[in-house]
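Undergrad: Just to be clear, the model below is a prediction. Sequence and coordinates:
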Amino acid sequence: MKQKLLIRDLTLRDGQQSAFATRMTQQQVDRVLPFYKEANFYAMEVWGGAVPDSVMRYLGENPWERLEKIKAAVGDVSLLTALSRGRNLFGYAPYPDDIIDGFCRNAIDSGLGIMRIFDALNDVNNVRSTIRSVKAYGGIADCAVCYTIDPHFSTAERLKARLKGKPLPGAVFTGTYFLNKALEMEALGADMITIKDMSGLIQPSQIAALIRLFRKELNIPIDFHTHCTPGYGLAAVLAAIVNGVDIVDTVIWNFAGGPAAPAIELVYLFCRKLGVELDVDMQAVAAINNELLDIRRELESFDAVKQFPKPFNPLTDTLPADIDALFDRAIAAAQKDNEEALLQACHAIEDYFNFPKPNELVKKAEIPGGMYTNMVAQLKQMNAMDILEDAMKLIPAVRLDAGLPPLVTPTSQIVGAQAVNCALDISRGKPMYTNVSNQFVALVKGEYGKTPVPVDPAFRLKIAKVEKETPYDTSRHQLQDNPVLDELGGVRLAANEKEALLLELFPSVARTFLTKQKEAGFLAAQQTAVRQEETPATDEAPITGYVVASPMPGNVFKILVKPGDVVARGQEIVILESMKMENSITTECGGKVKRVLTRIGANVPAGGGLIEIEI
């Protein structure tokens, strides 16, 4: 029986998120949808990930409308898919089952066909409720096993740890580990399993072995998702195809490669040579690609790569004989499990087409590209780029202290931000973990779920003030305030369930977005000029008390005190959001709050005043 390969196109979600910071507008998306209706992809990933946050935050668009408009344009030709972090959905906090259920119901009602569900700790218990809800409303539950690798510790580091009586763990992330996770999710009702290599770190020999193992033990389809950043992506996808994977994730030519997934056009050439059936209309793909070229030029200021691949249409362009031979050489190497030859051939193919070369820094660091860029951005904001190398070296130790979580959003950002904090602590002559984010505390405490290896109780006590693993109690979840906006005609900030869900999942961003929406609606109804927000009078009184300053640049998320409050030394007074981490800001002296020098939603620089206290 002829092998058939299904394609999940990632262009409109992971592709543009990886390469263009999720800045495609609805108008740009609309331009390619007529061609997508003809392309006949098995599935199109169009939602989830950073899309809901970004379209509200940067584009002022409604994420539910994006999903609904794509569904209206494409119909039932392709299943629409989204990415969800299981119990965390899109945020950094666990949510109760009723919110998860409401989200899944509304997503499927808006046109979603497949929900790809993953947990950053590979804690299967955290995907249980999403599987149940997705299937209850007629969706397909695609459960992802997050691929990760063990941190590297030198022989000297291992010897030192052993002498201290705390030996470092051996191999944790083995084929058996990943298979057991997949089997657990299959038992819970998963309709398919994705091997999700968010960092692009899986080598061809490793994915070949995993596909063979999964095919032997699982009774449901297997999808493979990877990225090209460290240079393994294309070769790994070919190895997966040769070993019988059911579905692979690809991106269309002008958005492919580099930080994104491999190009569908290269996969098509491999499949044609292998005799693998691919039910994709490549003429429609070429039409999409032509439009993507213009869109990419429009997104130039957000382009993370700024390197365009050589124009190519596999239906009309003839390859030079030596390049065509590279495809044959790559296939032969994949069939023989010759990883070195396979990588050489695939790198030569990518080089010919001018795709980005492997990112050696990310490859050597063995961390996701997004995690690295976030750390760089964090240090640039603090004017502390000189400690980047120190922060990178601390990642294995911080990761191990936190229970060896896989490096995938949100744990990759939590670990990366904490490594930066620790490097800053050391540079300032303070002990590591002097400054910890609320999310790192929650991770160590156990609120995100069970970590791959147990957290040392003594470390948990130091960081989270408890010795025992303490799961998050969803019964304590407090719904976001949904006030009546009297000044806008008495409407609710969130007028319906979908808007209320946005407010729950993206409190700060959705509050700003929904307020602007309600303002626009009110002003249109009143046929008046755009309402200008009242600017509070500036308090020009001189500073006479102690000023609590922000230790880092960020956005004021919560202010926990008001003028007249008496505060004690070490008391939490402000919560600052920086690089999506919530950081508790405390006062180093006690006294009475004289005045608040900032406001919720304000951007403050490092050293910016927050609270003035009379001592």
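TA: Nice, I can see it.
Undergrad: From now on I want contacts and neighbour counts done on CA atoms only, so please keep to that.
TA: Noted.
Undergrad: Could you name the helices and strands sitting against the helix of greatest length in the chain?
TA: With secondary structure taken from DSSP state H, the chain has its longest helix at helix 507-526. Here helix 507-526 is seen to pack against helix 51-57, helix 497-505 when contacts are counted using 3 or more C-alpha pairs under 8 Å, 6 or more residues apart in numbering; DSSP states H and E.
Undergrad: Give the buried residues for the longest one.
TA: Taking 16 or more other C-alpha atoms under 10 Å as the neighbour-count basis, helix 497-505 is seen to contain the buried residues 498-505.
Undergrad: Contact partners for residue 17?
TA: Residue 17 makes contacts with 23, 50-51, as judged by C-alpha atoms under 8 Å, 6 or more residues apart in numbering.
Undergrad: Tabulate the helices and strands packed on helix 507-526 (TSV), appending mean pLDDT.
TA: Conversion of the helices and strands packed on helix 507-526 to TSV gives the following (pLDDT from 0 to 100):
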stretch	mean pLDDT
helix 51-57	94
helix 497-505	95
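Undergrad: quick one, which of these is nearest to residue 402?
TA: In terms of C-alpha to C-alpha, the element of the helices and strands packed on helix 507-526 nearest to residue 402 is helix 497-505, at 24.7 Å.
Undergrad: ok, back up a step: next, the angle helix 497-505 makes with the longest helix of the chain.
TA: Taking axes from the mean of the first three to the mean of the last three C-alpha atoms, to 10 degrees, one finds that helix 507-526 is oriented at 140 degrees with respect to helix 497-505.
Undergrad: Residues in contact with helix 507-526: which ones?
TA: Among residues not part of helix 507-526, those counted as contacts by C-alpha under 8 Å, 6+ apart are 53, 56-57, 60, 480, 488-489, 491, 493-494, 499, 502-503, 529-531, 557, 601.
Undergrad: residue nearest the centroid of this protein?
TA: Ranked by distance to the mean C-alpha position of the chain (C-alpha atoms, centre = their mean), the top residue is residue 409 at 4.4 Å.
Undergrad: Kindly list the main-chain dihedrals of that residue?
TA: Main-chain torsions, residue 409, degrees, to the nearest 10: phi -60, psi 130.
Undergrad: thinking again about what came up before, beyond the longest helix of the chain, next helix or strand please.
TA: Counting by DSSP states H and E, the element after helix 507-526 in chain order, helix or strand, is strand 546-549.
Undergrad: after that next one, next one along is what?
TA: For strand 546-549, the following helix or strand on the C-terminal side (DSSP H and E) is strand 554-559.
Undergrad: Export only the CA atoms of that following strand, formatted as PDB.
TA: Extracted in PDB, the C-alpha atoms of strand 554-559 (Å, rounded to 0.1, in the frame of the first residue of the first chain):
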ATOM      1  CA  GLY A 554       8.400  46.600  33.100                       C
ATOM      2  CA  ASN A 555       4.700  47.200  33.200                       C
ATOM      3  CA  VAL A 556       2.800  47.900  36.400                       C
ATOM      4  CA  PHE A 557       0.400  45.000  36.800                       C
ATOM      5  CA  LYS A 558      -1.000  45.600  40.300                       C
ATOM      6  CA  ILE A 559      -0.500  48.200  43.000                       C
END
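Undergrad: what helices or strands is the helix or strand that it is followed by leaning on?
TA: Next in sequence after strand 554-559, counting helices and strands by DSSP H and E, comes strand 566-567. When contacts are defined as 3+ C-alpha pairs under 8 Å, 6+ apart, strand 566-567 sits against strand 591-596.
Undergrad: still on that earlier bit, relative to residue 434, which of the helices and strands packed on helix 507-526 is closest?
TA: Ranking these by proximity to residue 434 (C-alpha to C-alpha) places helix 497-505 first, at 29.4 Å.
Undergrad: List the contacts of that closest one.
TA: Counting contacts by C-alpha under 8 Å, 6+ apart, the residues outside helix 497-505 that touch it are 64, 89-91, 99, 102-103, 106, 479-480, 482, 494, 510-511, 514.
Undergrad: ok so, going back, mind checking how far the residue nearest to the centre of the chain is from residue 151?
TA: Distance check for residue 409 against residue 151: by C-alpha to C-alpha, to the nearest Å, it reads 17 Å.
Undergrad: ok, now residue 339?
TA: With distances defined as C-alpha to C-alpha, the gap from residue 339 to residue 151 amounts to 22 Å.
Undergrad: On the three-state scheme, residue 148 is what?
TA: Put simply, residue 148 is coil when judged by DSSP: H, G, I helix; E, B strand; the rest coil.
Undergrad: now it: how far from residue 165?
TA: Between residue 148 and residue 165 the computed distance is 27 Å (C-alpha to C-alpha).
Undergrad: now residue 332
TA: Residue 332 is 49 Å from residue 165, where distance means C-alpha to C-alpha.
Undergrad: So for the two, which residue has more residues nearby?
TA: A direct count of neighbours by other C-alpha atoms under 10 Å for residue 332 and residue 165 places residue 332 higher, at 15 against 9.
Undergrad: Could you report the distance from that one to residue 130?
TA: Look at residue 332 and residue 130: by C-alpha to C-alpha, they are 41 Å apart.
Undergrad: what's the average pLDDT for the host helix or strand of residue 297?
TA: Secondary structure here is read from DSSP H and E; on that basis residue 297 sits in helix 282-298. Throughout helix 282-298, pLDDT has a mean value of 97.
Undergrad: Next: stretch 76-90.
TA: 93.
Undergrad: Show the end-to-end separation of that stretch, please.
TA: Start and end residues of stretch 76-90 are separated by 26 Å (C-alpha to C-alpha).
Undergrad: List the buried residues in it.
TA: Within stretch 76-90, the residues that qualify as buried are 77-90, counting by 16+ other C-alpha under 10 Å.
Undergrad: How much space separates the residue nearest to the residue nearest to the centre of the chain when sequence neighbours are not counted from residue 275?
TA: What sits nearest to residue 409 in space, not counting adjacent residues and going by C-alpha to C-alpha, 6 or more residues apart in numbering, is residue 120, at 6.4 Å. Here the criterion is C-alpha to C-alpha. By it, residue 120 lies 37 Å from residue 275.
Undergrad: Show me the shaky parts of the stretch 501-615 of the chain.
TA: Applying pLDDT under 70 to the stretch 501-615 of the chain flags the ranges 527-540, 578-581.
Undergrad: Kindly recompute the last result at 50.
TA: 528-538 (pLDDT under 50).
Undergrad: helices and strands of the chain: which one has the lowest mean pLDDT?
TA: In the chain, no helix or strand scores lower on mean pLDDT, DSSP states H and E than helix 155-163, which sits at a mean of 75.
Undergrad: Put the alpha carbons of it into PDB.
TA: Provided in PDB are the C-alpha atoms of helix 155-163 (Å, rounded to 0.1, in the frame of the first residue of the first chain):
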ATOM      1  CA  THR A 155      32.600  15.500  34.700                       C
ATOM      2  CA  ALA A 156      34.000  18.000  37.200                       C
ATOM      3  CA  GLU A 157      30.400  19.300  38.000                       C
ATOM      4  CA  ARG A 158      29.200  15.700  38.400                       C
ATOM      5  CA  LEU A 159      32.100  14.900  40.700                       C
ATOM      6  CA  LYS A 160      31.600  18.000  42.800                       C
ATOM      7  CA  ALA A 161      27.900  17.200  43.200                       C
ATOM      8  CA  ARG A 162      28.600  13.700  44.200                       C
ATOM      9  CA  LEU A 163      31.100  14.800  46.800                       C
END
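Undergrad: Please list the residues outside that helix that contact it.
TA: Residues from elsewhere that reach helix 155-163 (C-alpha under 8 Å, 6+ apart): 167-168.
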